[in-house]
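Student: sequence first, predicted model second:
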Amino acid sequence: MAPPLTAAPTAPVRRVKVLLAEDNVVNQLVAVKLLTRRGHTVTVAKNGREALAALARDTFDLVLMDVQMPEMSGLDATAAIRLREQGTGAHQRIVAMTAHAMTGDRERCAAAGMDGYLSKPVDRTMLFAAVEQDAAATPETPSVPAHVTRTFAEEGPARLAAIKAAIDERDADGLRAAARALVGTAAALPAARALLEAARTLERLGAESRLEPAEAAWRRLSVEAAAVMDAIRFFDGVKQEVAL
């Protein structure tokens, strides 16, 4: 995650193009009013899917991403953005906004790939600091060839099926081998860390011939794999719409 936010100067150094992903209308109005008065441009998305669609059609200096939104959460949207960036090496600056200041929130936001964190209700000084922070402090997303995501989309379902079959057949050696194959694929996708961890867990369980915990580990793997596949399919679909 980027360095801690510091207080904003009395006037913005530059005008910033902001995508605000926020489902609460009142919060939308407040943020838009504050930022436009400051001289910034704001586009509003009501959920994570709208935010992804907006990013597929336009470029933004910053995304202010609410964590809890309908249809697609801010965490899922951010993970999808980071996954897609791996084919380009680009890095979209994303700052989380959440009213749920619970233990572990910052860690979850960082794990999803967010660059900063704001608690609601948002203090205007901290909001301006987040928006106007020097983008040079934001790390680049590692560049991954586009064919890597295509390979996962093509080979992933078969690798998942092999893992499930090994669990159903109580085949510890088969589970270890199938999970190891998925680890090799997932390791090439830095944004798919949760998927990689789940696959490594299953590989370890197979190596230790511990099949009882494998069912729960499989459920976690299925959820993470579905999120990665959904992100790939969503962006491919939006690209096709934009090309029409």
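Tutor: Arrived safely, thanks for sending.

Student: what's near enough to touch the residue nearest the centre of the chain?
Tutor: In the chain, the centroid-proximal residue (Cα atoms, centre = their mean) is A79; its distance is 1.4 Å. Residues in contact with A79 (Cβ atoms under 8 Å, 6 or more residues apart in numbering) are A112, G113, A191, A194, A227, A231. In short, each C-beta sits where N, CA and C put it, glycine included.

Student: quick check on it: phi, psi?
Tutor: Here is the backbone geometry of A79 (degrees, to the nearest 10): phi -60, psi -40.

Student: please name the bridge partners of the residue lying closest to V122 once chain neighbours are set aside.
Tutor: Nearest non-adjacent residue to V122, counting by Cβ to Cβ, 6 or more residues apart in numbering: M97, 6.4 Å away. Taking DSSP bridges as the rule, M97 bridges to D66, L118.

Student: quick one: M97 and V63 touch, right?
Tutor: No. Checked against Cβ atoms under 8 Å, the pair M97 and V63 is beyond contact range at 10.1 Å.

Student: closest to N24 out of the contacts of A79?
Tutor: Nearest to N24 among the contacts of A79 is A112, at 20.2 Å by Cβ to Cβ.

Student: which ones are touching the closest one?
Tutor: A112 is in contact with G74, L75, D76, T78, A79, R82, counting by Cβ under 8 Å, 6+ apart.

Student: in helices, which of those appear?
Tutor: Applying DSSP state H to these, the entries found in helices are G74, L75, D76, T78, A79, R82.

Student: what's the domain layout of the protein?
Tutor: Residue ranges for the domains of the chain, per automatic domain parsing: 17-137, 146-243.

Student: pull the distance from the longest one to the chain's centre.
Tutor: Put simply, domain 17-137 sits 11 Å off its chain's centre (Cα atoms, centre = their mean, to the nearest Å).

Student: average pLDDT across that domain?
Tutor: Computed over domain 17-137, the mean pLDDT rounds to 86.

Student: hang on, V42 is in a strand, isn't it?
Tutor: Yes. Counting by DSSP: H, G, I helix; E, B strand; the rest coil, V42 is found in a strand.

Student: quick one: it and V32 touch, right?
Tutor: Yes. In terms of Cβ under 8 Å, V42 counts as a neighbour of V32; the distance is 4.9 Å.

Student: who touches both of those two?
Tutor: Counting by Cβ under 8 Å, 6+ apart, the contacts common to V42 and V32 are L20.

Student: who has more neighbours, the two?
Tutor: Set side by side, V42 and V32 show more neighbours around V42, with 20 against 17, by other Cβ atoms under 10 Å.

Student: tell me which of the domains of the chain sits most buried.
Tutor: Mean neighbour count (mean count of other Cβ atoms under 10 Å) peaks for domain 17-137 among the domains of the chain, with a mean of 19.

Student: helix/strand/coil for P157?
Tutor: Following three-state DSSP, the label given to P157 is helix.

Student: nearest residue to it other than its sequence neighbours?
Tutor: Leaving aside its sequence neighbours, P157 sits nearest to M229 (Cβ to Cβ, 6+ apart; 8.0 Å).

Student: give me the pLDDT for the one you found.
Tutor: On pLDDT, M229 comes in at 80.

Student: I232 now?
Tutor: 72.

Student: any idea how far it is from V42?
Tutor: Between I232 and V42 the distance is 29 Å, computed by Cβ to Cβ, to the nearest Å.

Student: I appreciate the help and will end here.
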